[in-house]
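Asker: following is a predicted model, sequence given first.
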Amino acid sequence: MILRELVTKLGFKVDDQELDKLDKTVASLKDNIHKIGIGAAAALTAVIVPASILQRTLKDAVIASGATGDAFIEMEEKLRQRALSLSDALGFSGNEVARAFFDVISTGTQAGTEGFEILAQTGLKFAKAAGLETGQSIDRLSTASKAFFNNVEGATQVADAFFKANTLGQTTVLQLTEAIRDAGPAAASANVSLADTTALLTALADSGFKGALGGTAFRQVVQRLTTPVEKGAKVLKELGVQTTNADGSFRNIFDILVDLQKAQRGLTQEQAAANLKAIAGEEAFTRLGAILNRDIGTLQDWSKQIENSGGVMDEAFNNIMQSASEQFNLLIQNVKNLAGTIGAPLLGPVGRIAGVLSSIITSIREFIEANSSVSKPLLRLIGLFLALLAVAGPIVLVIKNLAFIWALLTSSIALTILTFLGFLAVGFLVFAFITDLFALIMGGESLIGDFIDYLDQFAQKSILAGDKIGYLAAGLKTILELFVVIPRLIGTAAEALGIFAGAIYSGHFEGLKGALSELMNREGGGIQTAMNFMAGRGVTPSAMASQNAVNQTNQVNQTINVPEGSNPEQTAEAVRRGTEAAMDNMLRQTNNQFSPNLVQ
């Protein structure tokens, strides 16, 4: 419609059908540009956002580790790779794994150690299997492992013990993690094992003392038995119950409980309660009684099962991961990690460009503030103009003579806004590709070069293994190498034309041949360098042979040494010996040079 109105206003007469086609073409082009811009912006956002979030969380973890300088960069990259690896395997996002790394380091565990790996991986699995937050999971496992093993390497044993106890009594893994915070230090001071502690916490949970309440009950009972008050020590002595060994160490907790059960038999309920109050105190005697009312033999059997429960937590985790929802979640995380991996190399350029734009905006703001006498009237004028447009806009739309101007203006603004980010994204990607290609052509490190090297290695391995796809990979590698060489040849040809044109213009033809020869053979450019590049990549044995033929002829000439004054027979003998030596040398070179290419 814009074109039709514009043409009508200018007074041209055209075919209505052709004008309709042109109108539709312009509208279609505009829609496609919109889609490209929005799609490119969305694609850039999809790869940049996950990569930048992961980078931010990893930096927090590395800062917590205390690393600086090159060690900081190296550790960040190692943790990034490990975070993506665990994310792909366990179904957590890369950012969640990186946050778990931070939580592990916050426990005092050094990054990169065996304990770090065990606590991070076990903490993530335990969190998913038990329905905990990862930070909470790592904190509880770390606390318990340090209490019973004086390190974090025992985190897996703690997790297995809790999952096994969950199947033995009326408690949950979450309740046991709450109980162990209070019970762990008391158990460690009394030399009570992890298995015995977990069995007693399960027994307390069966009696109604669950979670943190069970942990407090355990602590009170163990403290009263290990360090009894005067009245309690007297009762224990009267009952004939020993709580320590001859060396002063605390006896096995179950042995003490068995002796106490036997000593209480035959007593009235009032007498037994009075003894327990004297031993455990007014608050905790009911909790000690709850344990003594159980069959201690059953608790000892639970302890043995818990001690031999290795792999129980992993089994629970694997069963959860087999569910359809977790498999779908795993697929989503793998896709996100792929996007993050693609976006990671773009973080540097995007960050630098964002910094430049931020500096420009800051400069504009500072200019406006520093030149208020000029800027304020100008801003008022712009504001007045925009207000006028806002008021007059609907009126302008009904004025027939100016309708096409308004439509053109609004379309242009919409097109600019919708596609700016898209074109910016495309520009970033094109710039990154050209930079990488230029680095490859100039002999530097590049992603394209790494990909060509990977194709080369893959082709050789596949062909040696009898896989025909190796030949396709070798062909693709050769095509890529040729495309890389073409810009170098074009540049050299253009430079040669320039030298030729300069010679014609100046009339100095004497040095033309020498200049062209130098161009062809110079280091870092020229036709000879390009051909060497192709040969070095192993394009074809025949291409290399054509170059080697000249070199081998020179070698034959150099090996023939005819002394002065030799007669014809002596000359012939010298030629024969020199030729044989040169042929032997050429055969060795041919073997070394063509064998790898023939494999390709």
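Answerer: The structure has been received and is ready for your questions. Numbering: from 1, shown residues only.
Asker: residue ranges with poor pLDDT in the stretch 501-600 of the chain?
Answerer: Scanning the stretch 501-600 of the chain for pLDDT under 70 picks out the ranges 503-600.
Asker: then the stretch 201-350 of the chain?
Answerer: 339-340, 342-350.
Asker: so where do the helices sit in it?
Answerer: 211-226, 230-239, 253-264, 269-280, 285-292, 296-307, 312-321, 324-343, 347-370 (DSSP state H, counting those that start in this stretch).
Asker: tell me which residues of the third one come out buried.
Answerer: Pointing back at helix 253-264 there. Residues 253-254, 256-261, 263-264 are the ones in helix 253-264 that count as buried (16 or more other CB atoms under 10 Å). C-betas here are computed from N, CA, C, even on glycine.
Asker: check the fifth one too.
Answerer: Judged by neighbour count using 16+ other CB under 10 Å, the buried positions of helix 285-292 are 285, 287-292.
Asker: next: the second one.
Answerer: By neighbour count, with 16+ other CB under 10 Å as the criterion, the buried positions of helix 230-239 are 232, 235-236.
Asker: counting by contacts, list what it packs against.
Answerer: helix 253-264, helix 269-280 (3 or more CB pairs under 8 Å, 6 or more residues apart in numbering; DSSP states H and E).
Asker: so what angle separates the directions of the first one and helix 211-226?
Answerer: By that I understand helix 253-264. 70 degrees (axes from the mean of the first three to the mean of the last three CA atoms, to 10 degrees).
Asker: adding distance to Lys146, write the buried residues of helix 253-264 out as a markdown table.
Answerer: Converted to a markdown table, the buried residues of helix 253-264 look like this (distance: CB to CB, whole Å):
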| residue | distance to Lys146 |
| --- | --- |
| Ile253 | 20 |
| Phe254 | 24 |
| Ile256 | 25 |
| Leu257 | 26 |
| Val258 | 30 |
| Asp259 | 31 |
| Leu260 | 30 |
| Gln261 | 33 |
| Ala263 | 36 |
| Gln264 | 36 |
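Asker: looking at these, which one is closest to Leu86?
Answerer: The closest of the buried residues of helix 253-264 to Leu86 turns out to be Ile253 (CB to CB; 37.9 Å).
Asker: and the closest residue in space to the closest one that isn't next to it in sequence, what is it in contact with?
Answerer: Closest residue to Ile253 apart from its sequence neighbours, by CB to CB, 6 or more residues apart in numbering: Val192 at 5.2 Å. Under the criterion of CB atoms under 8 Å, 6 or more residues apart in numbering, the neighbours of Val192 are 186, 200, 222, 250, 253.
Asker: helix, strand or coil for Val192?
Answerer: coil (DSSP: H, G, I helix; E, B strand; the rest coil).
Asker: measure it to Phe254 for me?
Answerer: 10 Å (CB to CB, to the nearest Å).
Asker: what of Ala212?
Answerer: 24 Å.
Asker: with Ala120 instead?
Answerer: 35 Å.
Asker: equivalent analysis for Val97, please.
Answerer: 41 Å.
Asker: what does Thr243 give?
Answerer: 13 Å.
Asker: could you do Leu168 as well?
Answerer: For Leu168, the distance to Phe254 - CB to CB - is 15 Å.
Asker: with Leu201 instead?
Answerer: 14 Å.
Asker: domain assignment for the chain?
Answerer: 1-106+334-441, 150-315, 444-539, 544-600 (automatic domain parsing).
Asker: for Thr143, the count of nearby residues, please.
Answerer: Using other CB atoms under 10 Å, Thr143 has 19 neighbouring residues.
Asker: apologies, that question was intended for Asp206.
Answerer: 16.
Asker: and if you look at the one 3 residues further on?
Answerer: Phe209: 22 surrounding residues under other CB under 10 Å.
Asker: contacts only, for the residue nearest to it when sequence neighbours are not counted.
Answerer: What sits nearest to Phe209 in space, not counting adjacent residues and going by CB to CB, 6+ apart, is Ala217, at 4.6 Å. Taking CB under 8 Å, 6+ apart as the criterion, Ala217 is in contact with 204, 209, 284, 287, 290.
Asker: so how far is Leu204 from Ala217?
Answerer: Counting by CB to CB, the gap from Ala217 to Leu204 is 5 Å.
Asker: and for Ile306?
Answerer: For Ile306, the distance to Leu204 - CB to CB - is 15 Å.
Asker: Ile253 too?
Answerer: From Ile253 to Leu204 the distance is 13 Å (CB to CB).
Asker: with Gln55 instead?
Answerer: 46 Å.
Asker: higher neighbour count, those two?
Answerer: Leu204 (26 against 19).
Asker: could you find the closest non-adjacent residue to that one?
Answerer: Leu204's closest residue in space is Gly214 (CB to CB, 6+ apart), at 4.3 Å.
Asker: check Ser207 too.
Answerer: Ala290 (3.8 Å).
Asker: Leu204 is in contact with the one you found, correct?
Answerer: Yes: in this structure Ala290 lies within contact range of Leu204 using CB atoms under 8 Å: 6.5 Å.
Asker: what's the first helix or strand after the helix or strand harbouring Gln157?
Answerer: Per DSSP states H and E, Gln157 falls inside helix 155-168. The helix or strand immediately downstream of helix 155-168 is helix 173-189, counting by DSSP H and E.
Asker: related to what we said a few turns ago, check contacts around the residue nearest to Leu204.
Answerer: 171, 175, 179, 183, 201, 204-205.
Asker: repeat that with 6 Å
Answerer: 179, 201, 204-205 (CB atoms under 6 Å, 6 or more residues apart in numbering).
Asker: got those residues as CSV, with distance to Ala61 columns?
Answerer: Formatted as CSV, the contacts of Gly214 follow (distance: CB to CB, whole Å):
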residue, distance to Ala61
Ala179, 30
Leu201, 33
Leu204, 37
Ala205, 36
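Asker: which of these sits closest to Leu455?
Answerer: The closest of the contacts of Gly214, once distances to Leu455 are taken by CB to CB, is Ala179, at 57.7 Å.
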